[in-house]
Structures are given as C-alpha cells and as structure tokens.
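In: Got a predicted structure plus its sequence, pasted below:
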Amino acid sequence: MKKVFAFIIVVLLVTSSFVSTDLLVEAAPKKQNRAIMGVSALTPQQMADYVKQKNPRDVRLAKTSVEDLAKLFVIIGAKEGVRGDVAFAQALKETGYFRYGGDVLPKQHNYSGIGTTGNGVKGHFFRSPHQGVTAQIQHLKAYASKDALNMTKVDPRFHLVKRGSATTWPSLHRKWAMQPKGNYGNEILSIYQEMSKTPKRVAKAKR
C-alpha cells in the first residue's frame, strides 16, 4: 500500500511540473521576429488606423488612400513572401508617416526612397501606387532571399543587390540606408511594434 501511495505522489509531482512549465512557456514573451521574409500579422485596417493616429491631418498620398495602400502592402507582400506589414512600417519611416517633406514627392509613388541619395535627388518615379509598392517589396526580396520573383519585375535596382545579403531588417543598415546614427532596421521594427498595438477592428464596407 505504501508503494502504491508513493507511486501516486510521484505521478502527481511529475504532472504538476509539466503543467507549471507549460504555463511559464505560454506566459513568456515572444521573441521579436526580425526576418524580412514571412507573412503579415497585422490587418490593413490596423495599419491605416495607426497612421491616422500618428498623422491625423497631413497625409499627402497621391491617387490612393491610406487604407488602400495598406492593402497593397499586405497583398503584394504575400505574393512575394515578404512581410508586407513591416514593409509598410518602412514606408512610414521613409516618408514621415506620409507627410513627406524630403526629396521624394508624393506623386512619385516611391514609398521607400528607392534611388534617392539626398541633396535633392528625387529617386525613381513609379506610375502607380501598385507599382511603387511592388518595387519596394521586390527590392526587399532581393536583399532577403535568393528565390525568383513571383511577379513581373518592376524594381529598377533589383539587379544591383547581392541576393540574400540581408535577411533581417537590422541587417539593411548601411545597405538600404546610410543614416549616421542608430540602426535603420531596428527603427523600422520599433514603428512596427508600436503599430501592432493598434486595436483590430472590422473595416466598414464602402457603399
């Protein structure tokens, strides 16, 4: 009888240790995903709502709305296997939450400064928001992957990139941007983390 009782105690102790371990794992914060390739986690509405919080009165996009542009980033990102929601955060950093004010003009549909080197150099012009987003996503894929493009190539600088040379956002520093202080990719991820805290809601249907 004593042996049976001892066995039951051991089983209970082992079981309880598994339960407590599971609880600790679930409670532990998730490690930040720094990869450029992957799937979007945020909804276009979340992304648009975040922009309107940060820049409620001076969005200067041409031929598109924040909502529609956010959808393009998610959709085109998915087609090329790039995290479109983080690419959208990159666009926010590059354009000052679509306030612009730098060398690039809203009518260029160039949301990430492709071809811009400063001192008034405008960089590339794209004929539509769709083409501008596609070029940005493809340029990110050029850095982060050696896989072939799934869409027709529109990135004018795709061939200049060493394929697979920057698989994470922080590794884009001094490759995509030559900013003197901080880390370009970490600042993009910081914007993304803040944007991810925006409450999810269902977008209203257009009438």
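Out: Perfect, thanks for sending it.

In: Let me know the distance separating the residue nearest in space to the middle of the chain from Q136.
Out: Central residue of the chain (CA atoms, centre = their mean): V86, 0.6 Å from the mean position. Per CB to CB, to the nearest Å, V86 is found 11 Å from Q136. In this view, the C-beta of every residue, glycine as well, is placed from N, C-alpha and C.

In: Domains in the chain, by residue range?
Out: Annotated domains of the chain cover 1-30, 44-196 [automatic domain parsing].

In: Determine which stretch of those domains is the most buried.
Out: Ranked by mean neighbour count, the domains of the chain are led by domain 44-196 with a mean of 18 (mean count of other CB atoms under 10 Å).

In: any low-confidence regions in this protein?
Out: Low-confidence segments of the chain (pLDDT under 70): 1-30, 202-207.

In: and G84, what does it touch?
Out: S40, F73, V74, I75, I76, G77, A78, I137 (CB atoms under 8 Å, 6 or more residues apart in numbering).

In: Okay, and which of those residues map to helices?
Out: Judged by DSSP state H, those include F73, V74, I75, I76, G77, A78, I137 as members of helices.

In: Roughly how far does the closest residue to the third one other than its chain neighbours sit from K52?
Out: Counting by CB to CB, 6 or more residues apart in numbering, I75 lies nearest to G84, which is 7.3 Å off, once chain neighbours are set aside. Distance of G84 to K52, given as CB to CB: 19 Å.

In: give the contact list for I76.
Out: I76 sits in contact with G84, H130, V133, T134, I137, M151, where contact means CB under 8 Å, 6+ apart.

In: Good, we can wrap up now.
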